[in-house]
Every structure is written in C-alpha cells, then in structure tokens.
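In: Any chance you can model this:
(one chain, ligands or ions: 2)
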Amino acid sequence: MVRAAVAGIAGRMGSRIAQILKETEGMELAGGFERPGHPAIGQDVSTVIGGAPLGLPVAGSFRELPRPVDVLIDFTSAEASLANLRAAAESGTAMVIGSTGFTPEMVDKVRSLTRSIPCVLAPNMSVGVNVLFKVVEEVTRLLGPAYDVEIVETHHRFKKDAPSGTAVRLAEVVAAARGRDLKEVGVFERYGMIGERPEGAIGVQTLRGGDIVGEHTVLFAGMGERIEVTHRAHSRDNFARGAVHAAGWVISQPPGLYDMQDVLGLR
Ligand SMILES: NC(=O)C1=CN([C@@H]2O[C@H](COP(=O)(O)OP(=O)(O)OC[C@H]3O[C@@H](n4cnc5c(N)ncnc54)[C@H](OP(=O)(O)O)[C@@H]3O)[C@@H](O)[C@H]2O)C=CC1
Ligand SMILES: O=C(O)C1=N[C@H](C(=O)O)C[C@H](O)C1
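Out: Ligands and ions are numbered 1, 2, ... in the order given. Next up, the predicted model:
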C-alpha cells in the first residue's frame, strides 16, 4: 500500500484527490492538512471530502500528519507548495506538485530541493493535455513560422494565477519548437494602438468566468486558413486521477525533478 497525504485537502483539487485516493487500489489516504488557521483543521477528513467518518482529523501542517507518509500530493499555491517541499525534503518524502504560478526562480529552488527526493511538478496532470503538448509541438514544426500562434485559456472566476500554468507550458512548447525564447516572443497583454503583430510573436490570452473547469485552445493562423486545437476539461477528476497515478509512480523513482511527460512515458 502506498500511503499518500494531501496538502490543501479542503480545496477544489485536494478534496477530489483525497476521494480518488480512497477509491484507488494500492493507494491509501494517509491524511491531509490545511494552512494554519483554516476552519477544517481538527475536523474529520470526511467533512471536507464527503462520505462516512474516517477517524482522520485534518492536520494543520505537513509535520502534524500521522506517519508514515510515502508521498505528499500538493495542489495549493506555488508559495505553499515550495514551503511544503522543504518539509517533505527534510523528511525524505516523495512529492507530487500540481500548483501553478511558479516563477523561474521558484522552479530553481524546486530543482535544488529535489536533489534528495523524487518529485513530479506539472501544470496539468490530465492525459489529454499532456498529449496536447506533443500535438502542439508537432503542428508548430510542420506549419513553420508563417503561421501565427495564439493561446487562449478560460477558467473559473476563483482561479488566482494568470495565465494558467498549462497556457504558459503550451507557449513554452511552441517557442522551443521554433528555437525561440518565450521571454522574447511572448505577448501577454494587448491594449490600444499596439501596431501590427510582430513576426514570431506567441500570444497568450486569459478569460475568467463562472465555474468553467479549464479550457485551452492553440490557434495557428495562416493566410487563408487556420487550425485550432482545443482541450476542454469536463470535471477535475482527470487532473486528480493523474495526480494519484503520478504519486504511485514517483515513489519508485530516484531523487530528481520529473513532470507528467515522464510519468506517462511521453518524453
Ligand atoms: N496540475 C494540474 O493538473 C492542476 C493544477 N491546479 C492548480 O492547483 C492549485 C489549487 O487549485 P484549486 O484546488 O482550484 O484551489 P483551491 O483554492 O480550491 O485549493 C487550494 C487549497 O489549498 C489550501 N492552502 C493554501 N495554503 C496552504 C498551505 N500552506 N498548506 C496547506 N493548504 C494550503 C487552500 O486554503 P485557503 O482556501 O484557506 O487558502 C485551499 O484549501 C492552483 O495552483 C491550480 O492552478 C488545478 C487544477 C489542475
Ligand atoms: O486552477 C485551475 O482550475 C486549473 N489550473 C491548471 C493551470 O493553471 O493550468 C490546470 C487546469 O487547467 C485547471
């Protein structure tokens, strides 16, 4: 049995991950925690994930979890995940991080902390989006630079970071396939008399509203035709299942930083 704990267990993703851990053969929900001061702390985990009481209170930090814990799954925020990664590295616990909004400096810190533990960090854990990354790389190469690339992401009104981690990764995939640096060609805002579209620009646009789970479209626009590739998540369960699959995979890997392409054998 793999004992997995969940950071942010009362959250939209944390609660689904905990439920799917309970339903997955070979996995065991070892516990979950919330940020200090959260009203769920001390209550039975079932009050945040539903179902019958489990006799497992929501903890106030990683250190307060019942031991042993083989792997920590963390969908909180970039700042919180980095702090939780420090604690996981100190205790030699493997980790799966789904939080988005990491700056390049934060990713450097993640890289150095994962010298001693195996960790999967991925902005999107669904199979569909990870296949989309491969498809977008291929379409970019086949079409060449004559086609303008725009990425549009749409999410629920509660999402805090923009653009989505998935949209940023899609833009990185396009830039890499063209041998360009996203820092130089990425266009994240447009307003006013901005002039004609610069050659080679990669546009990234953000939409927010209602309860939309997550949609990503990559538009390849040429003269006289265009291709649009879209992924739509119908629920959070594909992300959660991906995270649980990654947790089962990561515990038998050597220390280091991995992503879902490694987990799914798509590298
Ligand atoms: N990789 C992927 O496949 C996916 C990634 N995500 C990403 O996951 C993250 C979470 O998304 P979502 O579930 O919608 O957000 P929520 O706000 O619903 O959940 C986050 C939870 O983490 C809690 N939290 C905050 N800080 C800490 C801390 N220090 N320790 C423990 N818990 C903490 C929050 O508490 P409080 O509310 O009190 O702040 C909240 O309960 C986002 O970065 C999102 O972009 C989302 C979906 C898929
Ligand atoms: O916050 C969300 O909800 C999601 N975040 C991820 C991201 O930022 O890419 C993945 C998914 O689209 C849902």
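
In: name the helices or strands packed onto the helix or strand containing Thr217?
Out: Using DSSP states H and E, Thr217 sits in strand 215-221. Counting contacts by 3 or more CB pairs under 8 Å, 6 or more residues apart in numbering; DSSP states H and E, strand 215-221 is packed against helix 127-143, strand 148-155, helix 165-177, strand 226-232. C-beta here means a position set from N, CA and C on the backbone, and glycine is covered the same way.

In: Ok, which of those comes nearest Thr206?
Out: strand 148-155 (5.9 Å; CB to CB).

In: Show me what the closest one pairs with in its sheet, parallel or antiparallel.
Out: Using DSSP bridges, the strands paired with strand 148-155 are strand 202-208 (parallel), strand 215-221 (antiparallel).

In: Serialize the ones you listed to TSV and add fields for mean pLDDT and distance to Ala5.
Out: Formatted as TSV, the strands paired with strand 148-155 follow (pLDDT from 0 to 100; distance: least, CB to CB, whole Å):
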stretch	mean pLDDT	distance to Ala5
strand 202-208	98	31
strand 215-221	99	30
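
In: Deepest-packed of those strands, please.
Out: strand 215-221 (a mean of 20; mean count of other CB atoms under 10 Å).

In: Next, format the helices and strands packed on strand 215-221 as CSV and append mean pLDDT and distance to ligand 2.
Out: Shown next, in CSV, are the helices and strands packed on strand 215-221 (pLDDT from 0 to 100; distance: least, CB to the nearest ligand atom, whole Å):
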stretch, mean pLDDT, distance to ligand 2
helix 127-143, 98, 7
strand 148-155, 99, 5
helix 165-177, 98, 3
strand 226-232, 98, 9
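
In: Which one, of those, ends up nearest to Val250?
Out: Here helix 127-143 is closest among those (CB to CB), at 15.4 Å.

In: The closest one: which residues count as buried?
Out: Val127, Val129, Asn130, Leu132, Phe133, Val136, Val139, Thr140, Leu143 (16 or more other CB atoms under 10 Å).

In: now do stretch 89-108
Out: Ala89, Thr93, Ala94, Met95, Val96, Ile97, Gly98, Ser99, Thr100, Gly101, Phe102, Met106.

In: mind giving me the domain split of the chain?
Out: Domain segmentation of the chain under the TED database yields 2-125+236-264, 127-233.

In: about what we covered before: what about ligand 2: which of the buried residues of stretch 89-108 touch it?
Out: Among the buried residues of stretch 89-108, the residues within reach of ligand 2 (CB under 6 Å from any ligand atom) are Thr100.

In: what does the stretch 151-267 of the chain put close to ligand 2?
Out: Counting by CB under 6 Å from any ligand atom, the stretch 151-267 of the chain sits next to ligand 2 at His155, Lys159, Ser164, Gly165, Thr166, Gly214.

In: Now tabulate these in CSV and tack on distance to ligand 1 and neighbour count.
Out: Converted to CSV, these look like this (distance: CB to the nearest ligand atom, whole Å; neighbours: other CB atoms under 10 Å):
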residue, distance to ligand 1, neighbour count
His155, 8, 24
Lys159, 6, 17
Ser164, 7, 23
Gly165, 6, 19
Thr166, 8, 25
Gly214, 7, 23
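
In: right, and out of the residues you listed, which lies closest to Cys119?
Out: Nearest to Cys119 among these, with distances taken as CB to CB, is Gly165, at 15.6 Å.

In: For ligand 1, see how far away the residue of the chain most remote from its centre is.
Out: Using CA atoms, centre = their mean, the residue of the chain lying farthest from its centre is Gly224. It sits 35.6 Å away. According to CB to the nearest ligand atom, to the nearest Å, Gly224 and ligand 1 sit 36 Å apart.

In: can you check Leu170 too?
Out: Leu170 is 14 Å from ligand 1, by CB to the nearest ligand atom.

In: so that residue makes contact with Phe133?
Out: Yes: between Leu170 and Phe133 there is a contact at 7.0 Å, judged by CB atoms under 8 Å.

In: tell me which parts of this structure are close to ligand 1?
Out: So the chain meets ligand 1 at 7-8, 10-14, 33-35, 38, 75-77, 80, 98-101, 122-125, 161, 165, 239 (CB under 6 Å from any ligand atom).
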